[in-house]
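Q: Got a sequence here, can you model it:
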Amino acid sequence: MSQWVVLTGRPSDLDNGATPHKIMSQKDYLARPGLFAGQRPKLINIASSYAYQSRAYYASLLAGARGHRVIPSVETMIDLSEKKLYENALPELDAALRSGLGKEGAAPASPILVLFGYSDDPRLERFAKLVFDWFRAPALEIHLEPKSAQATIRRIAFASLAKMSDATQDLLMAAMDRYTAREWRAAKVKTPAKYAFATLYDPKEELPPSSVDTLKYWAKTAARLGVDVSPITRKDLPRLANFDALFIRETTSISNHTYRFARRAMQEGMPVIDDPVSMIRCTNKVYLNELMAANGVATPPSVMIGSKDDFQKAADLLGFPLVLKIPDGSFSRGVKKVEDMAALVRLAGSWLEDTDLLIAQKFMPTSFDWRIGVLGGEPLFAVKYHMAKQHWQIINHETGGRPMEGGFTAFALADADPRVLDIGVKAARCIGDGLYGVDLKETEDGIFLIEVNDNPNLEHGVEDQAEKDEVWTRLTRWFIDRIER
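A: You can find the predicted model right below:
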């Protein structure tokens, strides 16, 4: 089991009797790289300053190099160095703050102090936890706009240990002890496994990337390699630090909790599929189209549509029917076939009310799509997904009921078309080192990339039908290798 170690400017900065955890100076930690050899400590870095190239900054920086988990991470320090780097969090935080205060609630004194996700104002319990979800730091100050009619965040900053009163330091120590004790009490290791992996899933999702039965099958395979796999849901974010790795098996989106889980896993220094960068890159079809073109991966002829002025250009270059896509979509959602100019004007005009860009592509009718699974830059599986009955896509969402899927044909990697494997691997490597599903169309004019999915289906009996348990073994070893690096 990992131990907690508190790093400070000087051990005397904190009363050794105030916490059961080991306290050491940042200077000692920096000077003794072999101190925790063979151990996996969790570090809490408490400082008066987290400025760039400060001692606290280097402590967190070298903790990452030594394979130690630390809060705050260097990434958090950088995020909080400028408002423009964290402003994407402010709408959600402002909404949570106002919700906690209520319509008639008096605004709290500014700055609001958040200690390990706790606030001494009971109205702000949810808000404080959300701040900690976004920015993993021992102590934060939330400064409010002084003349705003509604409670609005002006700035988020680290709270300086040197400026804390004795009473506030006592609150900090109490919050830290609650935080560390809560996390370890939540851990439930069922077997004497070497590692514990978390699998994030939604039991109510209609089209999950992996079913519950599949995740149970993976757990059995992973157990043979000394890994305990535990299911978690969106409510389990506070427990995430108990695990060594995270596998996200919900449909991902940068606008929901899956992105926050991925981001938290990265902050904890644990390997994660899907990682936040892959989510951002794969989610947006406009970005993917540009990225693949820049890297010499063939895609269907495309036209970016930013206004009605682009409608005629798309019609002239692509002809009809054409395929219209919203930038952010998954599982064939937000993808429509357009038969004529009237339909293009109607659909694109509607979609442009919600997004600044659309992508139109040449329609390439085929009876199947290739899906090449790529893990760690190497092919993992090869499957042909056949089109849904009387439909032009592999999933028909227009049935009026449950979406209808076509069949599939799985191929051993040794038997799959090497051209398809090569293009799939090349495309995935443009994104990152994780798990990707690369969709390709094989036509008389060549092989064209349709998209790269960061959250591909991985279903027992489908994607693993040809390669069998090798798929699950390689997946497990991918996580283990990155834990042990």
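Q: my guess is F448 meets P301, correct?
A: No - counting by C-beta atoms under 8 Å, P301 is not a contact partner of F448; they are 9.2 Å apart. Heads up, the C-betas are built off the backbone N, CA and C, glycines and all.
Q: Those two: which has the busier surroundings?
A: Of the pair F448 and P301, F448 is the one with more neighbours under other C-beta atoms under 10 Å, namely 21 against 14.
Q: Pull the contacting residues for the more buried one.
A: With contact taken as C-beta atoms under 8 Å, 6 or more residues apart in numbering, F448 is in contact with 298-300, 364, 440-441.
Q: ok but it is inside a helix, no?
A: No - F448 is assigned strand when assessed by DSSP: H, G, I helix; E, B strand; the rest coil, not a helix.
Q: Could you give the bridge partners of it?
A: K441 (DSSP bridges).
Q: The closest residue to Y86 other than its chain neighbours and L113, how far apart?
A: Spatial nearest neighbour of Y86, chain neighbours left out: D79 (5.1 Å); criterion: C-beta to C-beta, 6 or more residues apart in numbering. According to C-beta to C-beta, to the nearest Å, D79 stands 19 Å off from L113.
Q: out of these two, which sits in the busier spot?
A: Legend: neighbour count by other C-beta under 10 Å for D79 and L113, higher for L113 (22 against 18).
Q: what's the spacing between M292 and D445?
A: 16 Å.
Q: again with D369
A: 16 Å.
Q: Between these two, which is the more surrounded one?
A: With neighbours defined as other C-beta under 10 Å, D369 and D445 compare such that D369 has more, 20 against 10.
Q: Which residues are in contact with that one?
A: D369 neighbours (C-beta under 8 Å, 6+ apart): 384-385, 387, 394, 439-441, 450.
Q: Could you single out the nearest of the residues you listed to D309?
A: Nearest to D309 among the contacts of D369: I450, at 26.5 Å, using C-beta to C-beta.
Q: Grab the nearest non-local neighbour of the residue nearest the centre of the chain.
A: The centroid of the chain falls nearest to A262 when counting by C-alpha atoms, centre = their mean (3.0 Å). Nearest in space to A262, with sequence neighbours left out and distances taken as C-beta to C-beta, 6+ apart, is P276 at 4.6 Å.
Q: From P300, how far out is the nearest residue to A265 once chain neighbours are set aside?
A: Excluding the flanking residues, the one nearest A265 by C-beta to C-beta, 6+ apart is V272, at 3.8 Å. V272 is 31 Å from P300, where distance means C-beta to C-beta.
Q: Pick out whichever of these two has more residues nearby.
A: V272 (24 against 20).
Q: Just the pLDDT for that one.
A: V272 is assigned a pLDDT of 97 by the prediction.
Q: please begin residue numbering at 27 from this point
A: Renumbered: residue one is now 27, and that last one reads V298.
Q: and the gap between it and L233?
A: 22 Å.
Q: again with K410
A: K410 is 19 Å from L233, by C-beta to C-beta.
Q: Compare the two (neighbour count), which wins?
A: K410 (20 against 15).
Q: isn't there a strand covering the more buried one?
A: Yes - counting by three-state DSSP, K410 is found in a strand.
Q: Now K339. Nearest residue, chain neighbours left out?
A: Per C-beta to C-beta, 6+ apart, closest to K339 is V329, 5.8 Å.
Q: Ok, K452 next?
A: Looking at K452 with C-beta to C-beta, 6+ apart, the closest residue is V323, at 6.0 Å.
Q: Check whether the one you found sits in a helix, strand or coil.
A: Taking three-state DSSP, the label given to V323 is coil.
Q: Tell me who's in contact with it.
A: V323 neighbours (C-beta under 8 Å, 6+ apart): 449, 452-453, 456, 475.
Q: Those residues in strands, which ones?
A: Mapping these onto strands (DSSP state E) picks out L475.
Q: Distance to A249 and neighbour count added to the contacts of V323, as CSV?
A: As requested, the contacts of V323 are exported to CSV (distance: C-beta to C-beta, whole Å; neighbours: other C-beta atoms under 10 Å):
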residue, distance to A249, neighbour count
I449, 35, 23
K452, 35, 17
A453, 33, 25
C456, 34, 17
L475, 37, 23
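Q: Out of the contacts of V323, the closest to D228 would be?
A: For the contacts of V323, the nearest to D228 is A453 (27.8 Å; C-beta to C-beta).
Q: how far away is that closest one from K410?
A: 17 Å.
Q: so what secondary structure elements neighbour the helix or strand harbouring K110?
A: Assigned by DSSP states H and E, K110 belongs to helix 109-112. For helix 109-112, the packing partners by 3 or more C-beta pairs under 8 Å, 6 or more residues apart in numbering; DSSP states H and E come out as helix 100-105, strand 179-184.
Q: Name the next helix or strand following that helix along the chain.
A: Following helix 109-112 toward the C-terminus (DSSP H and E): helix 116-127.
Q: Would you mind listing the buried residues in the first helix or strand past that following helix going along the chain?
A: Downstream of helix 116-127, the next assigned helix or strand under DSSP H and E is strand 138-141. Residues 138-141 are the ones in strand 138-141 that count as buried (16 or more other C-beta atoms under 10 Å).
Q: what about the strands in the stretch 227-376 of the chain?
A: 253-258, 271-274, 298-299, 328-331, 348-351, 361-364 (DSSP state E, counting those that start in this stretch).
Q: Give me the helices and strands touching the last one, please.
A: Same thing as strand 361-364. Against strand 361-364 (3+ C-beta pairs under 8 Å, 6+ apart) you get strand 348-351, helix 367-377.
Q: Quick one: closest of those to A341.
A: helix 367-377 (5.7 Å).
Q: ok, residues contacting that closest one?
A: Against helix 367-377 from outside (C-beta under 8 Å, 6+ apart): 331, 334, 337, 340-341, 346, 348, 350, 352, 362, 364, 384, 386.
Q: average pLDDT across it?
A: 94.
Q: Kindly report the same for stretch 175-192.
A: Computed over stretch 175-192, the average pLDDT equals 90.
Q: which of the residues in that stretch are buried?
A: Those would be 177-179, 182-185, 187, 190, for stretch 175-192 by 16+ other C-beta under 10 Å.
Q: And the residues you listed, which is closest to D441?
A: Closest to D441, out of all of the buried residues of stretch 175-192 and judged by C-beta to C-beta, is I182, at 54.4 Å.
Q: Roughly how far does the closest one sit from D495?
A: Following C-beta to C-beta, the distance that separates I182 from D495 is 47 Å.
Q: and if you look at A132?
A: Taking C-beta to C-beta, one finds A132 at 60 Å from D495.
Q: Between the two, which is the more surrounded one?
A: Neighbours per residue (other C-beta under 10 Å) separate A132 from D495, with D495 holding more: 14 against 9.
Q: Is it correct that the more buried one is in contact with T247?
A: Yes - assessed by C-beta under 8 Å, D495 is found in contact with T247 at 5.7 Å.
Q: For G60, which three-state class applies?
A: coil.
Q: For it, report the pLDDT, please.
A: Reading off the model, G60 has pLDDT 82.
Q: burial count for it?
A: G60 has 7 nearby residues by other C-beta under 10 Å.
Q: Start and end of stretch 434-454, how far apart?
A: Taking C-alpha to C-alpha, to the nearest Å, stretch 434-454 runs 22 Å from one end to the other.
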